[in-house]
Every structure is written in structure tokens, then in C-alpha cells.
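> could you work out the structure for the sequence below:
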Amino acid sequence: MRIAFILCLCLVAACATSDRTVVDLPDIEESSPESADLAFSILSINDVYRIDGLASSGAGGLDRLRAIRAAVEKDHPNLLFLHGGDLLYPSFMSRLFDGTQIIDILNMMDGDDGSFDDRMFVVFGNHEFDQNSEEDV
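As a prediction, the model looks like this:
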């Protein structure tokens, strides 16, 4: 808990001491060709505690999410895949594997096994701090 407090304190201090000034950006016309390159779509998930589907029906699971992402990317090639937190804990499997199972699977969500997914962004959720270990943070 002490580490989480220190991290929050550092974040507040960094925001409070910023010497940046606000700059007005020029307006971009919606019909300009430059603005077409700036378009993107977002697929967002959070609180994923299971890799597999439901035991009763096999429905769901991260393989289904991978299929959804692939289908959306066909029409939206600039798709950003976001995870809003609670990916490591409190899942049962994370108690056994310390969260490595979900990290390995999420790295495969772009269809390329074993490589870094440069269109996926993850933030920490409150359950990432459940282990109370400085090593986990």
C-alpha cells in the first residue's frame, strides 16, 4: 500500500510542477486528406479474469475477443485495443502463474504470437495492487 501511495504522490507532484504552456492548435478541416490519416477506432475491455470461455457453453473467452478484434480491424485498420485494468488479479489463474498467463495471451491478441502488440494499451486497475508486493508493482 505504501508503494501505491508513493506512486500517487509522485504523479500529483509531476502534474503540479509542469511548466508547459497551452498552445492553440490549428483547426483541421474534416474533409482534408490529412485528417483522414488521423481517424482511428477503439476496442476497449477491462476486468478480464478468465482466458477460456464458459464451462457450460464454451461461449466467450479471449479467443472470441481475438476474432472480434480481427473482424473490426478489417473495416477499421487503425484500431486501438485498450485494456482498462484488472488484468493480473484477482483471477484464480493469476494466483498460480502471477499474471503471466494473461500477459502471454494479450500479446497474441494482434494475431502475431510472441511479438509486442503496438496497438494495445493497458492501464493498472485497483486489483493489480492486491498482492501487496513491491516486486509486483
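> for stretch 95-105, measure first residue to last.
One end of stretch 95-105 to the other measures 16 Å (CA to CA, to the nearest Å).
> and stretch 69-76, which residues are buried?
Applying a neighbour-count criterion of 16 or more other CB atoms under 10 Å, one finds 69, 73 buried in stretch 69-76. No exception for glycine: its C-beta is placed from N, CA and C like everyone else's.
> which is the next helix or strand following the lowest-mean-pLDDT helix or strand in the chain?
Counting by mean pLDDT, DSSP states H and E, the weakest-scoring helix or strand in the chain turns out to be helix 33-36, with a mean of 56. Following helix 33-36 in sequence order, the next helix or strand is strand 41-45 (DSSP states H and E).
> whatever helix or strand comes next after that following strand - what's its average pLDDT?
Using DSSP H and E, the helix or strand that follows strand 41-45 in sequence is helix 62-75. Across helix 62-75, pLDDT averages out at 90.
> quick one: helix 62-75 to strand 41-45, angle?
170 degrees (axes from the mean of the first three to the mean of the last three CA atoms, to 10 degrees).
> helices and strands around helix 62-75, which ones?
strand 41-45, strand 79-83 (3 or more CB pairs under 8 Å, 6 or more residues apart in numbering; DSSP states H and E).
> touching that helix from outside, list them.
41, 43, 45, 48, 51-53, 79, 81, 105-106, 108-111 (CB atoms under 8 Å, 6 or more residues apart in numbering).
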